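Enquirer: The following comprises the amino acid sequence and a computationally predicted model.
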Amino acid sequence: MSSFPTFSNPAAQSWRYESGKNWAPKFHASIPGFSKSALISLPLLADELGVASLQVKNESSRLELPAFKILGASWAIARVYGEKLGIPESELTFSAIKEKALFSGISLLVAATDGNHGRAVARMAKYLNCKAEIFIPFGVSPEAVAAIESEGAVIHKTEASYDVAVDQARVFTESIPGAVLIQDTSWEGYEEIPQWIVEGYQTLCAEIDEQMASHPVDVVVIPVGVGSLAHAVVAHYRGASVFHPVLVSVEPTVAACLLRSLKDDVRTSVETTPTIMAGLNCGTPSEAAWPLLRAGISAAVVVDDAECAKAVKELNANGVDSGPCGGATLAGLRTLLSDEKARTSLGITKQSNVVLINTEGLQANPLPRECS
Ligand SMILES: Cc1ncc(COP(=O)(O)O)c(C=O)c1O
């Protein structure tokens, strides 16, 4: 076990956040073939961990892709097309933008990615008969690159870190008329599209609340790369939700930019090295996410590759299709629960209902041979 929860802020549970109406769930429901992802109950693991229930929100198949990312990419791209075509957000539907996409003036969609986001952007581009070019940092598996290519996207392999790949994608987009950068992290001057991506992710939180209707949601465990997914979860559970759970972030030990930032109480970058949790291998928290994560995250833990691989196998053995980013949540929960002091201060008891966000299936990011 990688020691103890390295950051804990019990006061985060009572922090509240106000936001406006989110139209993303309505848009998602208009996409042909859209359905809720499953919430899978694992009673044996719950018993072993000493909690009332353990549920896994299973994003291993979302709109036929093996990760949650298309929730954010689809809504952000719909908003971009909506702005160009003069369609208000409340009236955005998949067919409305598809019919008029050719008149939008958008020539190309660009993104940098650890795998899943790029594939989601490329899939949306394909649906809308638009081109896509995707920038790939080091450490992304050949299978993930091939999956993005299979969507018809042009690939740029950077052999640099994620942060550098994002910057290269930004510069490239600026050089091409009609190109739009669809990036799932924000920085000064680039906030709107990442905010739409965050709104898109919130659909999965709304689904959890519906699916948990007879039990409260007491603890939610979130895998964190740049923290945009965690931003969505904080915005939802410190905002419109009827539940006010303990929110736990999990990062790879080698890319713990949120943990570092929370400890230093300032948004901070870290040097990263490769990890099997490719989607979490990011060196800087998203700028827009940071204030919400600072106020709303209850505990932050890190896990190493060996702990993660073990958790992936455990979830797989329990019938859950989970890749490393999803497995990180179970490994992170174990780390947190093993710390009696943190468990008590956060109010996690035998009565607690815990939800893990399993953000990808194994197909998105297979375990390397040495781990399987
Ligand atoms: C499968 C998976 N899980 C979790 C994350 C983390 O999301 P974020 O970067 O918004 O923290 C990513 C990001 O790429 C991902 O691909």
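Expert: Great, that's in hand. Residues are numbered from 1 along each chain as shown.

Enquirer: Show me what residue of the stretch 1-150 of the chain gets nearest to the ligand.
Expert: residue 116 (3.7 Å; CB to the nearest ligand atom). For the C-beta atoms, the positions are set from N, CA and C on the backbone; glycine is no exception.

Enquirer: so what's that residue closest to, chain neighbours aside?
Expert: residue 67 (3.8 Å; CB to CB, 6 or more residues apart in numbering).

Enquirer: In this model residue 358 seems to touch that neighbour, though I could be wrong.
Expert: No: using CB atoms under 8 Å as the test, residue 67 is too far from residue 358 to be in contact (9.8 Å).

Enquirer: Neighbour count for these two, which is higher?
Expert: residue 358 (30 against 27; other CB atoms under 10 Å).

Enquirer: Show me the beta-bridge partners of that one.
Expert: For residue 358, the residues forming beta bridges with it (DSSP bridges) are residue 58.

Enquirer: Checking the most centrally placed residue in the chain next. Helix, strand or coil?
Expert: For the chain, the residue sitting closest to the mean C-alpha position, by CA atoms, centre = their mean, is residue 229 at 3.8 Å. Of the three states, residue 229 takes helix according to DSSP: H, G, I helix; E, B strand; the rest coil.

Enquirer: Surely it touches residue 222?
Expert: Yes: counting by CB under 8 Å, residue 222 is a contact partner of residue 229 at 6.1 Å.

Enquirer: what do those two both touch?
Expert: In terms of CB atoms under 8 Å, 6 or more residues apart in numbering, residue 229 and residue 222 are both contacted by the residues residue 357.

Enquirer: Quick one: residues contacting the residue of the stretch 251-372 of the chain found nearest the ligand.
Expert: The nearest approach of the stretch 251-372 of the chain to the ligand comes at residue 279, 2.7 Å away (CB to the nearest ligand atom). Shown in contact with residue 279 (CB under 8 Å, 6+ apart): 67, 114-116, 223, 225, 324-325, 359-360, 364-365.

Enquirer: again with residue 30
Expert: Counted by CB under 8 Å, 6+ apart, residue 30 has contacts 92-95.

Enquirer: could you redo those residues as a markdown table and give each row secondary structure, distance to the ligand and neighbour count?
Expert: Shown next, in a markdown table, are these (DSSP: H, G, I helix; E, B strand; the rest coil; distance: CB to the nearest ligand atom, whole Å; neighbours: other CB atoms under 10 Å):
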| residue | secondary structure | distance to the ligand | neighbour count |
| --- | --- | --- | --- |
| 92 | coil | 22 | 20 |
| 93 | coil | 26 | 16 |
| 94 | helix | 23 | 19 |
| 95 | helix | 28 | 10 |
